[in-house]
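J.: What follows is a predicted protein model with its sequence.
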Amino acid sequence: MAARSRRLARNAGSKMRAFGGGSLIFWLVHVLMAIDKGQMQLLAAIRSLLRPIVDFALPPRCPACGVIVEDDARFCLPCWQKMDFLGDPCCACCGVPFAIEQGEGGRCGACLADPPGFDSARAVLAYGEIARTVAMRLKYGRRLGLARLMAAHMARRLPPNEMSEMILIPVPLHRWRIWSRGFNQAAVIADHIGRRSGIPVEKLALVRHRATRPLRAMNPAQRKRMVRGAFALDPRYSDWIAGRTVILIDDIHTSGATAQECARILRLGKAKSVHLLCWARVLPDRGSDRGDATFDRDD
């Protein structure tokens, strides 16, 4: 490695002379660039050699059931077949799926009767066994690598707006819950979406200044009352929010009470629009035994 560095230095020195002498800084820059490129190639070669060994010792596994799969971040076929992906046709506002196409801007009866506070809500999956398992393993099992998987799917559901106007804001947790859990799963997901999309992430703009009881045993009206006034916009970020398209990030969309309260606060902060983006959502037609009652959510 030392001999290679000396050779690279000599090559850079000859380049310096070819430019008529140049400066010491110019020469050092060329040396460092050449060494960095060589090291990157060496690391890539080592990674490709070690990958079969690592896969043998720690084979990639299905994020839901844990069986061995072909590659990282892949579901096994049985789990994949259980996943209910959401997409068009759907309500232009809340994203609930339609049986048939309703035309551009078509809304469901619930959104027509009581329009939500956000402009749109989209989720990757309908809430079910696989969606719940992945979310639970991230949230309570501290499997933070699953946030990258969730973000990869969620990024494909970003609204088709001008990304230069967008900002990602995760649904905040109260500080007590962050202290007990150690992290905010929505913030971790938002970070990964930001890296993939290039959209800036602001995790401190929206704060949860009042702790609330877990909402899992409450009906929608009780949830709405419970979260009223629980959130606030940090005044330091008012100018940053004004006129921007806010993508509100969360893991699970249940009743929408938390998202609507967050959207209300962001609207007061002069946000241009607010769009909710989640890993999974509970569908209103799945009956009362939908699994959300066992998901200890802040929503």
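T.: Perfect, I can see it now.

J.: quick one: least confident helix or strand in this structure?
T.: helix 2-18 (a mean of 44; mean pLDDT, DSSP states H and E).

J.: Got the confidence number for the closest residue to residue 261 other than its chain neighbours?
T.: Closest residue to residue 261 apart from its sequence neighbours, by C-beta to C-beta, 6 or more residues apart in numbering: residue 227 at 4.6 Å. No exception for glycine: its C-beta is placed from N, CA and C like everyone else's. You'll see residue 227 listed with a pLDDT of 87.

J.: burial count for residue 227?
T.: Residue 227 has 24 neighbours, counted by other C-beta atoms under 10 Å.

J.: Contact partners for it?
T.: Counting by C-beta atoms under 8 Å, 6 or more residues apart in numbering, residue 227 touches 212, 215, 257-258, 261, 299.

J.: Out of those, which is nearest to residue 134?
T.: Using C-beta to C-beta, residue 299 comes nearest to residue 134 of these, at 16.9 Å.

J.: If I look at that closest one, what pLDDT would I see?
T.: 45.

J.: How about residue 187?
T.: On the pLDDT scale, residue 187 gets 97.

J.: what about it, helix or strand, and which?
T.: helix 185-197 (DSSP states H and E).

J.: and that helix, how far from the chain's centre?
T.: 4 Å (C-alpha atoms, centre = their mean, to the nearest Å).

J.: What is it packed up against?
T.: Packed against helix 185-197 by the contact rule (3 or more C-beta pairs under 8 Å, 6 or more residues apart in numbering; DSSP states H and E) you find helix 129-139, helix 145-155, strand 166-170, strand 245-253.

J.: got the contact list for the very next helix or strand once past the third one?
T.: What that stands for is strand 166-170. Next in sequence after strand 166-170, counting helices and strands by DSSP H and E, comes helix 175-181. Here helix 175-181 makes contact (C-beta under 8 Å, 6+ apart) with 139, 173, 184, 211, 298.

J.: 7 Å instead, please
T.: Helix 175-181 is contacted from outside by 184, 211, using C-beta atoms under 7 Å, 6 or more residues apart in numbering.

J.: what about the most centrally placed residue in the chain, distance to residue 114?
T.: Here the mean C-alpha position of the chain is nearest to the C-alpha of residue 189 (C-alpha atoms, centre = their mean), at a distance of 3.1 Å. The spacing between residue 189 and residue 114, counted by C-beta to C-beta, to the nearest Å, is 28 Å.

J.: what do you get for residue 132?
T.: Taking C-beta to C-beta, one finds residue 132 at 27 Å from residue 114.
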